[in-house]
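# take this sequence and fold it.
(one chain, ligands or ions: 2)
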Amino acid sequence: MNKYSAILVTGGCGFIGCNFIRYLFEQTGYRGKVVNVDALTYAGNPLSLADLTERFPERYTFIRADIRDRDAMAGVIDCHDIDSICHFAAESHVDRSIVKPDDFVTTNIMGTFTLLELARQHAGSIRRFHHVSTDEVFGSLGDSGYFTEDTPYRPNSPYSASKAGSDHLVRAYHTTYGLPVTISNCSNNYGPYQFPEKLIPLMILNALENKPLPVYGEGRNVRDWLYVEDHCRAVWDIFRNGIDGRTYAIGGDCEQRNIDLVQRLCVMLDDLVGSPAGKSSYADNIVFVKDRPGHDHRYAIDAARIRAELGWKPRESLGSGLRKTIRWYLENRAWTDHVRSGEYQNWIAEHYG
Ligand code: NAD
Ligand code: TYD
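Ligands and ions are numbered 1, 2, ... in the order given. Got it, this is the predicted structure:
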């Protein structure tokens with residue numbers, strides 16, 4: 001039995017959102033409708049879900065709209081009898097937030113606020129508002145310790161500060177208005193369809209083009225890597241069975257220093273496709289570059305709550321997840337070529353103006 005029959009997914013043309021929608025249609029018993037609203041920024045690629053439009057014409061709808069546009073979003077909720085919202089849409093890249101934070105503040109904070117206000121106005125019909133957030137709101141760890149749901153917020157970048165602002169609003173709408181919200185704060189995702197500005201796809205695609213592999217600082221920063229499908233399963237578990245007003249921390253149990261991760265990717269690529277012309281390994285292309293300002297040292301999650309309360313745990317190890325990811329990028333060169341060349345932006349202009 002599904003509790004919901006018309007889910008609004010925001011940001012469904014981005015990396016995690018498109019994996020989530022695909023997961024819903026292909027790997028769960030969900031039989032209702034999904035309405036995907038995405039503004040199609042540089043990070044949104046409708047080609048990632050083009051097949052769903054053909055395979056599920058009655059159940060899958062894509063609408064190009066901006067979550068900051070209250071009238072457009074009200075129209076979507078009313079026209080499609082939306083009964084639940086899974087909110088992924090955001091500006092998501094830390095480096096971009098350092099150079100130009102404007103859209104981070106307006107989309108991540110004001111966009112979330114707009115959706116919350118609409119959910120409040122539709123209190124009778126909207127029975128779940130799930131907000132997807134990041135562990136970066138908790139700041140940076142030293143060499144030991146873990147983030148939990150009770151860790152105080154201490155965001156360090158404009159990106160994480162804007163996500164922290166949105167988390168606070170979501171929680172406040174539960175406390176003040178009784179909105180049935182849930183929040184998840186997860187660690188770094190990786191897997192298919194990730195825009196190649198983030199570490200793992202950038203390294204894979206640069207390596208395949210025999211380009212430099214830029215590691216910030218000395219590469220000693222640590223991230224906890226979560227395979228995107230494991231994350232989607234966690235979000236779906238929370239969406240259906242999470243407790244209203246509750247936060248869940250989601251981690252992959254796969255901590256790794258950046259330099260070790262990049263070296264590991266290089267060895268896997270050497271094995272899978274052979275080392276690049278004139279070099280003994282892709283690792284020869286690693287270059288250490290200027291560090292990111294305010295670079296958080298370490299993120300790591302203690303996911304005890306979601307394990308105990310919802311029975312979720314990650315299924316992929318870092319080795320198995322990275323192998324799947326590399327294979328996906330090798331087998332989907334049409335997608336990567338479109339994204340790398342910017343060709344998909346022409347396709348968007350043609351189709352959506
Ligand atoms: P992404 O950048 O790949 O995708 C974001 C999507 O949101 C894009 O399709 C974009 O077009 C859309 N979007 C941006 N602004 C919009 C607006 N104003 N209106 C409508 N759509 C808009 O991001 P992602 O990696 O898929 O992240 C999804 C969510 O998960 C974000 O909220 C992010 O903060 C969170 N998160 C991501 C990670 C990660 O490792 N990628 C980790 C923790 C949390
Ligand atoms: P990123 O994928 O941007 O995720 P986040 O900043 O949200 O953790 O970066 C992951 C780690 O990799 C982070 O410590 C920064 C580092 N990094 C590099 O060393 N080189 C790169 O080219 C990029 C994009 C990131």
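# three-state assignment of Lys313?
Secondary structure, DSSP: H, G, I helix; E, B strand; the rest coil: Lys313 is coil.
# the closest residue to it other than its chain neighbours sits in which helix or strand?
Using Cβ to Cβ, 6 or more residues apart in numbering and skipping residues adjacent in sequence, the residue nearest Lys313 is Arg307, 5.5 Å away. Where C-beta positions appear, they are placed from N, C-alpha and C, glycine not excepted. Here Arg307 sits within helix 304-310, counting by DSSP states H and E.
# burial of Pro101, as a residue count?
Neighbours of Pro101 under the rule other Cβ atoms under 10 Å: 17.
# just checking, Asn189 is part of a helix?
No. Using three-state DSSP, the assignment for Asn189 is strand, not a helix.
# kindly tell me how buried it is, as a neighbour count.
Asn189, neighbours per other Cβ under 10 Å, totals 24.
# ok so, going back, how far out from the middle of the chain is the helix holding Arg307?
Relative to its parent chain, helix 304-310 has a centroid offset of 21 Å by Cα atoms, centre = their mean, to the nearest Å.
# same question, stretch 43-52
Mean-position distance between stretch 43-52 and its chain equals 15 Å (Cα atoms, centre = their mean).
# any buried residues in stretch 3-22, and which?
Across stretch 3-22, burial judged by 16 or more other Cβ atoms under 10 Å covers 4, 6-22.
# and it, how far apart are its ends?
With Cα to Cα, to the nearest Å as the measure, stretch 3-22 spans 19 Å from end to end.
# ok, the residue nearest to Arg315 when sequence neighbours are not counted - contacts?
In this structure, Arg315 finds its nearest non-sequential neighbour in Asp230, 5.8 Å apart by Cβ to Cβ, 6+ apart. Counting by Cβ atoms under 8 Å, 6 or more residues apart in numbering, Asp230 makes contact with 252, 314-316.
# quick one, which of those are buried?
Neighbour-count burial (16+ other Cβ under 10 Å) applied to these gives 252, 314, 316.
# same list, those residues, but as JSON lines with pLDDT and distance to ligand 2 please.
Formatted as JSON lines, those follow (pLDDT from 0 to 100; distance: Cβ to the nearest ligand atom, whole Å):
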{"residue": "Gly252", "pLDDT": "98", "distance to ligand 2": "13"}
{"residue": "Pro314", "pLDDT": "98", "distance to ligand 2": "18"}
{"residue": "Glu316", "pLDDT": "98", "distance to ligand 2": "17"}
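# give me phi/psi at Asp224?
Dihedral pair for Asp224: phi -110, psi 110, per degrees, to the nearest 10.
# and the closest residue to ligand 1 within the stretch 201-350 of the chain, how many residues sit next to it?
Closest to ligand 1 within the stretch 201-350 of the chain is Leu226: 7.5 Å, counting by Cβ to the nearest ligand atom. For Leu226, the tally of surrounding residues (other Cβ under 10 Å) stands at 28.
# identify the residues contacting the residue lying closest to it once chain neighbours are set aside.
Leaving out its chain neighbours, the residue that sits closest to Leu226 by Cβ to Cβ, 6+ apart is Gly252, at 3.5 Å. Contacts here follow Cβ under 8 Å, 6+ apart; on that basis Gly252 touches 187-188, 224-227, 230, 301, 314, 316, 318, 321.
# follow-up on the earlier one: so which of the buried residues of stretch 3-22 are also by ligand 1?
10-11, 13-17 (Cβ under 6 Å from any ligand atom).
# output these in CSV; the columns should cover distance to Thr134.
Shown next, in CSV, are these (distance: Cβ to Cβ, whole Å):
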residue, distance to Thr134
Thr10, 16
Gly11, 13
Cys13, 19
Gly14, 14
Phe15, 13
Ile16, 11
Gly17, 14
